[in-house]
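Q: Sequence and predicted structure are below.
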Amino acid sequence: MYFAYRDLDAKIAARDAALETWRGVNARVEAGYRDDAQQEARAREQYFRLQQNVENVLTGRLLERTRANNGTTGGTFRGLGGVQTAERRLRLLASLPINGDRLLRPADEPTVTPVAYDWHAYSCEALARRAELRRQNWKIKRRELELLASKTFSYPS
């Protein structure tokens, strides 16, 4: 829910900046600058596109979930829905009526905790757990032992 509100705030700020840009370019066109007509059309299009983004973030829009072969890896966070969709999910989790009389909004910021990953331990664990990597390691070990054996047998006794 916090992400949905942060996303909404960012989209509103972008839309408001685009509106100011459009007003500035439009004032130049009305003042008689002919070269700015195309820029005014671009600024107007950008404002309306960002307004559509604000509406989509507020009400939500249907997006594809993470799955195989859709361009994202498993576990990728995708902000599905919008503020109202996140609120509906929270109401379902809290056993509140779906159509409440108040809009739910987070009261405080989520806690930010620094995370320190032990990459060496994770890579060792990955090597130990992946079956194809274990097979490859056993093949390498076998080849090393075969090389050692061939060197040993080549010496006269």
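A: Ah, there it is. Everything numeric in this text was worked out from a predicted model, so none of it was measured.

Q: Flag every buried residue along the longest helix that the chain contains.
A: Determined from DSSP state H, the single longest helix within the chain is helix 2-30. Neighbour counts over helix 2-30 (16 or more other Cβ atoms under 10 Å) mark 4-5, 7-8, 11-12, 14-15, 18-19, 21-22, 25, 29 as buried. Just so you know, the C-beta spots here come from the backbone N, C-alpha and C atoms, and that holds for glycine as well.

Q: Turn these into a markdown table, columns for distance to Ala43 and pLDDT.
A: Shown next, in a markdown table, are the buried residues of helix 2-30 (distance: Cβ to Cβ, whole Å; pLDDT from 0 to 100):
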| residue | distance to Ala43 | pLDDT |
| --- | --- | --- |
| Ala4 | 28 | 86 |
| Tyr5 | 27 | 88 |
| Asp7 | 23 | 89 |
| Leu8 | 22 | 90 |
| Lys11 | 17 | 94 |
| Ile12 | 18 | 95 |
| Ala14 | 13 | 96 |
| Arg15 | 12 | 96 |
| Ala18 | 7 | 95 |
| Leu19 | 9 | 95 |
| Thr21 | 5 | 93 |
| Trp22 | 4 | 92 |
| Val25 | 5 | 90 |
| Val29 | 10 | 87 |
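
Q: Just the closest of these to Thr85, please.
A: Distance to Thr85, by Cβ to Cβ, is smallest for Ala4 among these, at 7.5 Å.
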